[in-house]
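> Just to be clear, the model below is a prediction. Sequence and coordinates:
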Amino acid sequence: MAKRFYVTTPIYYVNAAPHIGHAYTTIVADVLKRFYILRGYDTFFLTGTDEHGDKIVAAAKEAGQSPQAYADRISGLFRELWPKLNITNDDFIRTTDPKHKKTVQRILEQVNANGDIYFSEYEGRYCFGCERFYTDRELVDGKCPDHLTEPQVIKEANYFFRMSKYQDWLISYIHEHPDFIRPERYRNEVLSFLSEPLEDLCISRPRSRLDWGIPLPFDEDYVTYVWFDALINYVSGIGYPDGDLFNKFWPYAQHLVAKDILKPHGIYWPCMLKAAGIEPYQHLNVHGYWNINEGKMSKSLGNVVRPLDLVSIYGLDAFRYFLMREMVFGLDSEFSEEALVGRINADLANDLGNLLQRSLTMVQRYLDGQVPEKVHPQPEDDELREFVLSTVDQYEALMTEMSFHKALILVWELIGRLNKYIDTMAPWVLAKEDRVRLESVLYHIIETLKIISVLIWPVMPASAEKMQEQLGLEKKGSGLCLDDVRNWGAQRSMRAVVKGEALFPRVEMKRERGPEAKEKKMEQGKKALISFGEFQKLDLRVATILEAEKIPKSKKLVKLTVDMGEQRTIVAGVAEHYRAEDMVGKQVVVVANLEPAKLMGVESQGMLLAAEDENGVHLLVPDKKVIPGSKVR
Ligand code: MSP
């Protein structure tokens, strides 16, 4: 096998802006790509956006834009985010790209020519959230288990992919390739799906119902089902059916997904590939969910965590480290800012940061910054060296099997071991008594730090490179590899070490808090001019307050029932400035198209506008009575 590695993320739906769930999968892909670079592999990394289907049409409509304009905008948010997270994807695919459309049509033709597509009338229960038909067996109390809504009964003539034909083949393939789907729990889940008869897959939608999709090459009245379209990105993105890129990388393809989309990737996709005459991918790597307060992150719950909010406060590498260290790949994890701060202070500032600073200080103080070229190791030095080399081997094995948290624990054990070595060797004593020993000890400290910098590079590339700069390494980042590291001492410092800025300062929980945060926000507010088009996206309405009651146990919140053409519940933070009963009957201005958010257990479906000055908060009210629901322009 050639040393090649092809990694993909799911292509994300453009119906919502990116959050930490999307960031996690994409960062894992980036960490893997960098790790394979360290192993000397030729790599390719693909991510992108999934832009067709009902979901996108509905979101575009809600935003008052055409599907194309809407998809362009949200796809842009993803594309622009990745460089800010130091993600090094080699391409970014959109399902609206002409080259992707061509490949989808080509594969449909191949599968059709193979006799695996047929036309039939079908009546079934369709969940618009999932964009698919559900069998009775899959529904829980008659409802879609994901969206908790009752699917609609739809009767339509459609094209079907003869997926059932590939069931036995897929079962044998999974048995013959035990790590095709991993970790094992997800392989077992797929085998358990496959223990029941596999139904054929409906792969078209009539254009009379949905026009936003790729037309079937053999019937212009239909568009391709969004999953059949989307999965094909993994081959269209590397040029299938033409191109060297496809031939070079497809045999080494590894997909990364969360458990939500196990079925399309573990079942539909291998069957589609088989029917199109393409080899299956190499591995499907499945991870769990990031949860917030033990629940799923979702727009409607208002608990969505945006990556850049965290990065701007705590730094990018700290964020990347936290995600990789905290989640056990395959299982769900709880996200909390407290845990993030805890990890930064303990692992980064205390353990690694202090170790680096104290080591560089000693080399500068005792050796004028010059690391010796030749030393005379003693048994304690050899023991350290062996510990380091065995760490490198174990690290490589753990990263290869996607046990990122264990690989990082191992690196931190090495950090602990080096701290202990320094304490035992006490270079500050040797400096007074034994120059030869001092040189050997400091040499071994710096050599170990160089190796640590290489091992952390996939997860914290910018910090690792700064560390390499401070250690005086000539080659940095992707210029280094694990084999260099194994060749102890080969990575000569080309110049003196330089003690620079502390790489990982201690942090406090300071999100949205403190006067500086407020000032910074105002500063940003001043700079961020918006266009008239963006302003027009705001839906401001006049509402009459029908009922108001203070929310128990909250100092600030009042629950309001308002009439704005329709009745809505709004939670407002004005209890310190208005008595609830005085608010009833007032007319106020409301942001009507804000994502709902839960505050103290009450869902708020909008936000009141108020002015704030040193005398308090003052509601914005129209100067005459207006019809409730009137638009504010
Ligand atoms: N468009 C489809 C995928 C098509 S791939 C051919 C889709 N898009 S999505 O925008 O909903 O993205 C789902 C993926 O986002 C998950 O599989 C996972 O990679 C990531 N995550 C979204 N929320 C997540 C969490 N809360 N936690 C972890 N990852 C999550 O499905």
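All right, it came through fine. Residues are numbered from 1 along each chain as shown.
> Secondary structure class of Ile93, three-state.
Using DSSP: H, G, I helix; E, B strand; the rest coil, the structure places Ile93 in strand.
> Hmm, Ser236 and it touching each other?
Yes - between Ile93 and Ser236 there is a contact at 6.8 Å, judged by Cβ atoms under 8 Å. (Glycine included, C-beta is placed from N, CA and C.)
> what's the neighbour count on Met1?
Counted with other Cβ atoms under 10 Å, the neighbours of Met1 add up to 6.
> Over to the one 5 residues further on?
Residues contacting Tyr6 under the criterion other Cβ under 10 Å number 28.
> Quick one: neighbours of Arg385, just the number.
For Arg385, the count of nearby residues is 17 (other Cβ under 10 Å).
> how about it, secondary structure?
helix.
> try Val588
Put simply, Val588 is strand when judged by three-state DSSP.
> Repeat that for Asn285.
In three-state terms, and counting by three-state DSSP, Asn285 is strand.
> tally of neighbours for the closest residue to the ligand within the stretch 251-400 of the chain?
Among all residues of the stretch 251-400 of the chain, Ala258 sits closest to the ligand, at 3.4 Å; criterion: Cβ to the nearest ligand atom. By the criterion of other Cβ under 10 Å, Ala258 has 17 neighbours.
> hang on, it packs against Asn291?
No - if you go by Cβ under 8 Å, Ala258 and Asn291 don't touch, sitting 11.6 Å apart.
> excluding its backbone neighbours, what's nearest the residue of the stretch 251-400 of the chain closest to the ligand?
Sequence neighbours aside, His287 is the residue nearest to Ala258 in space, at 5.4 Å (criterion: Cβ to Cβ, 6 or more residues apart in numbering).
> Please work out how many residues are found near the one you found.
Neighbour count of His287, defined by other Cβ under 10 Å: 24.
> Arg34 too?
Arg34, neighbours per other Cβ under 10 Å, totals 21.
> Kindly report the same for Ile87.
Neighbouring residues of Ile87 were enumerated by other Cβ under 10 Å; the total is 19.
> what's the spacing between it and the ligand?
Relative to the ligand, Ile87 is positioned 14 Å away (criterion: Cβ to the nearest ligand atom, to the nearest Å).
> which ones are touching that residue?
Contacts were defined as Cβ atoms under 8 Å, 6 or more residues apart in numbering; by that measure Ile87 touches Thr26, Ile27, Ala29, Asp30, Thr47.
> Of those, which belong to strands?
Among these, DSSP state E puts Thr47 in strands.
> residues in contact with the residue nearest to Ala258?
Per Cβ under 8 Å, 6+ apart, neighbours of His287: Tyr24, Thr25, Val28, Leu256, Val257, Ala258, Lys259, Met327, Phe329, Gly330.
> Most neighbours out of the residues you listed, which is it?
Neighbour counts for the contacts of His287 (other Cβ under 10 Å) peak at Tyr24, which has 25 neighbours.
> check which helix or strand covers it.
For Tyr24, the host element (DSSP states H and E) is helix 20-38.
> Quick check: which helices or strands does that helix pack against?
On a contact count with 3 or more Cβ pairs under 8 Å, 6 or more residues apart in numbering; DSSP states H and E, helix 20-38 meets strand 4-8, strand 42-50, helix 67-84, strand 253-258, strand 283-287, strand 290-292, helix 307-314, helix 316-326.
> can you do 7 Å?
If contacts are counted by 3 or more Cβ pairs under 7 Å, 6 or more residues apart in numbering; DSSP states H and E, helix 20-38 sits against strand 4-8, strand 42-50, strand 253-258, strand 290-292, helix 316-326.
> Quickly, which of the ones you listed bottoms out on average pLDDT?
Per-stretch mean pLDDT for the helices and strands packed on helix 20-38 is lowest at strand 290-292 (a mean of 93).
> what helices or strands is the helix or strand following it leaning on?
Note on strand 290-292: by DSSP H and E, the next helix or strand toward the C-terminus is strand 295-296. For strand 295-296, there is no helix or strand it packs on, judged by 3+ Cβ pairs under 7 Å, 6+ apart.
> For the closest residue to the ligand within the chain, grab the count of nearby residues.
Of all residues in the chain, Gly21 sits closest to the ligand, at 2.2 Å by Cβ to the nearest ligand atom. Applying other Cβ under 10 Å, we find 21 residues neighbouring Gly21.
> Spatially nearest residue to it, not counting backbone neighbours?
In space, and not counting its chain neighbours, Gly21 is closest to Trp290: 5.4 Å by Cβ to Cβ, 6+ apart.
> need the strands for the stretch 101-250 of the chain, in chain order.
117-127, 132-134, 152-161, 181-182, 201-202, 204-206, 215-216, 219-224 (DSSP state E, counting those that start in this stretch).
> Other residues contacting the longest one?
What it means is strand 117-127. 111, 133-134, 139, 144, 147, 149, 151-162, 202 (Cβ atoms under 7 Å, 6 or more residues apart in numbering).
> Parallel or antiparallel, which strands does that strand pair with?
Sheet pairing of strand 117-127 (DSSP bridges) gives strand 132-134 (antiparallel), strand 152-161 (antiparallel).
> Spell out which parts of this structure neighbour the ligand.
By the rule Cβ under 6 Å from any ligand atom, the part of the chain lying against the ligand is 10-13, 21-22, 24-25, 50, 230-231, 233, 257-258, 260-261, 289-290, 297.
> Need the buried ones from those selected in PyMOL.
Applying 16 or more other Cβ atoms under 10 Å to these leaves a buried subset, and the PyMOL line that selects it is:
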select buried, resi 10+11+12+13+21+22+24+25+50+230+231+233+257+258+261+289+290+297
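> Quick check: neighbours shared by Ile93 and Ser236?
Residues touching both Ile93 and Ser236 (Cβ under 7 Å, 6+ apart): His100.
> returning to what we had before: the residue of the stretch 251-400 of the chain closest to the ligand touches Tyr289, doesn't it?
Yes - the pair formed by Ala258 and Tyr289 meets the contact definition of Cβ atoms under 7 Å, at 6.1 Å.
> list the residues that contact both of the two?
Common contact partners of Ala258 and Tyr289 (Cβ under 7 Å, 6+ apart): Gly21.
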